[in-house]
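1. Compute the structure for the input listed below.
(chains A and B)
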Amino acid sequence: MIYFDNSATTRPYEEVVQTFAAVSKQYFANPSSLHAKGGEAERLLNKARQNIAAYMDAEPSEIIFTSGGTEGNNIAIKGSAIENKERGMHLITTMTEHASVYETFNYLESIGFSVTYLNVNSNGQISLEELENSITDKTTLVSILHVNNETGAVQPVEEIGKILAAHPKIIYHVDHVQGVGKVPLDLKRAGIDLCTISGHKFHGLKGTGALYVRSGIRLSPLFTGGEQEGRIRAGTENVAGIVSLAKAMRMTLDEAKQKGSFLKEIHSYLYNSLSSVPGIAVNSPQTGAAPHILNFSIDGIKPEVFIHTLEEQQIYVSTRSACSSKKAGASRILLAMGIKDSLASSAIRISLSYENTMHEAEIVVETIKKAVKNLKEVMR
Amino acid sequence: MNYDHIVVRYGELSLKGKNRRHFESQLFETVKKKLKPFPALKAMKAFDRINIDLNGEDYSPVVKKLQEVFGIHAISLAVKSENDLEMIKAAALEAFRKANTGPGTFKISARRAYKHFPVGSQELNREVGAHILINTENITVDVHKPDIDVRIEVKENATYISCITFPGAGGLPVGVGGKAMLMLSGGIDSPVAGYLTLKRGVRIEGLHFHSPPFTSERAKQKVVDLTQELTRFGGKIKLHVVHFTEIQKIIKDKIPASYSMTIMRRVMLRIAEQIAEKNNAMAIANGENLGQVASQTMHSMYAINEVTNMPILRPVITMDKIEIVDIAQKIGTFDISIRPYEDCCTIFLPSAPKTKPKREKAIRFEQYIENLDELVARAVEQAETIFLDENKTTEEFSDLF
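-> Predicted coordinates for the structure are as follows:
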């Protein structure tokens, strides 16, 4: 099996699953319980929080545990929009956000907020000038996707942070779900106030994630209830999931450090090989993009057909974002990059992790070449 | 080229005459311990500074660690160059470009400590300044308030060029000023008092009064965690935990409620004094602050302090609460201190403690506890000791992470 769909989800590390099981069995008590067993679970929870804070160069009190990317993005966006609605009801994001951000902004529009969706160029990047011109004195939030989940395009989050530094009242959220271990992010340098990450994108388990909330930023909670997670996210903590999240993050960052430019090498190989195949148009930007995502289109071939063709060889890739893949039609993200409709409707996404190898990439390239040739003949 | 060196400069130390060498070697030891997590780094002691060779490590975590070391005045990022004018000019330009982000002003502060170098300080200023002006745009010279001060120091073996300087923690190197026993309740003030005591070069040990089942394991854990935070500034710290339940019960039983707080504090101070003596500490430190709560009035202090001759350091005595909170947040103890567990000071708090207790009355009531000396001796004897070390955070659960 060759699994090239790591932006949809990754295979959890064996050690992460073991940690989850061990904590579930041995430290099952509620961390809020006053007895010693509760205290033990609480210490474990604190330790996980400390570790994750250290990996993100943050303070433990700045880490809120969530159930993943969708929840983190929802808490960040709705939480700050609603908390600050007396100050203003204008929000800024981009045309190429993940559905959990895009749809959240659509929802906020439906209840009276106004939203500016920034355009992107053919490299998938926003214009800093357009951002600057969009800011009004009613703007309270700017939300930016760091690494695009369909194309791997990387937004200039540090430059955006510099612009926003002149507007200290605007809250700056970055969706870093696809970036952990792949595209480094320095929260302090970029002046980020809120940052979403999700465990299952880096070999953790589904249902785990975290939101960085810079000290001093207030959010209106989505879940009201107990006093857990600084009252931003009520509900009994998923201690086993949280500890496994810390473990997955450590292992991923270690692996990234060890393997260095490994993904980049595979990515360049894929980019160069596929762009020379007649009939294939690579949609991901060639430079400045993330090293683990490659998006391309095969004009005239339905992506579903292509996915199933590769599947016969036990190669697993995606059509686009897993969260949007059941929708028919063209990719909203590719259209926003100015890619024509027929190509935007026939996009395939390859996404890598450190578990993949160059050998696998070679097999995939050969298989794709054959498949394109065969399918073209059939379709002719 | 990257910043490959860090230059650590001392503060007050240079004023300390004969003690200077002792102070410097103390500081060097602390710095070496602090850098243990970065085995690639090489620290070297020079005449008035410590030079750290980064050996390719990222500087920012290193600077962060060094900013926790008392006795350091400033931490500069430096580029090392050979003693050659052209190489110095090239290195200075690179260093400047790394530090500079847009239009702005600069100046060159050259110091030729190695007098055999043929180019003088003034000439270096001119030469390097001109080289930067020629090779950059929108940059001008301002010798009074420059945005970037390019410091060039020509030493015998090499020249160090630095443009970026971070403030150090100031104060004196921990260990040069004796040792104090810090009373830690778990509140916001006492860890700040510990931090400020350390800042004056005084080593500390912690002392906590634990009253199970009236106070929980978590209240004790809180103090352990606070002490762990203080190890970032104080190195290894011993924490003594005194089991105080028996004495508190007796106080509640025998002392009029309005004086129970005063007597409790007197007993605590006696125990603190003995534990301090036993561990060669010459002072007691605490987080007392004038006028905050019942026990912290001048009258109360007068009635309590009497039981010991040992100096009591009260670093936060004159501070406003908000100033204390600021420091607590800066040093990372605030979030731990506000965890909502009962501590021994609050649990037996009478509904109406005397804000103006009288010393004579306190002495008289205290005599109701006939075996007080024995109780104190036993508490001292049975105190539990926990050893905390910055580089050895709780090994607990490590197999799970």
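2. Please give the element, helix or strand, for the closest residue to chain A within chain B.
-> Here the residue of chain B nearest chain A is B:Asp335; by Cβ to the nearest Cβ that distance is 4.6 Å. All C-beta atoms are positioned from the backbone trio N, CA, C, and that covers glycine. Following DSSP states H and E, one finds B:Asp335 within helix B:334-337.
3. sorry, back to before: what count of nearby residues applies to the residue of chain B closest to chain A?
-> As a burial measure, B:Asp335 scores 17 neighbours (other Cβ atoms under 10 Å in any protein chain shown).
4. picking that back up, flag every buried residue along the helix holding B:Asp335.
-> Across helix B:334-337, burial judged by 16 or more other Cβ atoms under 10 Å in any protein chain shown covers B:Phe334, B:Asp335, B:Ile336, B:Ser337.
5. Could you do stretch A:228-246 as well?
-> In stretch A:228-246, counting by 16+ other Cβ under 10 Å, buried: A:228-229, A:232-233, A:237-246.
6. What is the neighbour count of the residue of chain A found nearest chain B?
-> Chain B sits closest to A:Ser61 of chain A, with a gap of 4.6 Å, by Cβ to the nearest Cβ. With neighbours defined by other Cβ under 10 Å, the count for A:Ser61 comes to 17.
7. Surely it is in a helix?
-> Yes: under DSSP: H, G, I helix; E, B strand; the rest coil, A:Ser61 falls within a helix.
8. List the contacts of it.
-> Going by Cβ atoms under 8 Å, 6 or more residues apart in numbering or on different chains, A:Ser61 touches A:Ser215, A:Gly230, B:Asp335.
9. Verify the stated contact: the second one with A:Glu62.
-> No: with contact defined as Cβ atoms under 8 Å, A:Gly230 and A:Glu62 do not form a contacting pair (9.2 Å).
10. intersection of neighbour lists for these two?
-> Here A:Gly230 and A:Glu62 have A:Val213 as joint contacts, going by Cβ under 8 Å, 6+ apart.
11. Now do the strands in the stretch 251-400 of chain B.
-> Taking DSSP state E, counting those that start in this stretch, the strands of the stretch 251-400 of chain B run over residues B:283-285, B:312-313, B:384-388.
12. just so I know, which of these lies nearest A:Leu253?
-> Among the strands of the stretch 251-400 of chain B, strand B:384-388 comes nearest to A:Leu253, with 26.8 Å by Cβ to Cβ.
13. Figure out how far the closest one is from the centre of its chain.
-> Centroid separation for strand B:384-388 versus its chain: 19 Å, with Cα atoms, centre = their mean, to the nearest Å.
14. What of stretch B:3-11?
-> On Cα atoms, centre = their mean, the centre of stretch B:3-11 falls 19 Å from that of its chain.
15. now stretch A:171-182
-> 6 Å.
16. do stretch B:119-133 as well
-> From the chain centre to the centre of stretch B:119-133 is a distance of 40 Å (Cα atoms, centre = their mean).
17. Now that stretch: buried residues?
-> Judged by neighbour count using 16+ other Cβ under 10 Å, the buried positions of stretch B:119-133 are B:Val119, B:Ser121, B:Leu124, B:Asn125, B:Glu127, B:Val128, B:Gly129, B:His131, B:Ile132.
18. Please apply the same query to stretch A:281-293.
-> Quick answer for stretch A:281-293 (16+ other Cβ under 10 Å): A:Ala281, A:Val282, A:Asn283, A:Ser284, A:Pro285, A:Ala289, A:Ala290, A:Pro291, A:His292, A:Ile293.
19. One more: stretch A:147-167?
-> Within stretch A:147-167, the residues that count as buried by 16+ other Cβ under 10 Å are A:147-157, A:160-164.
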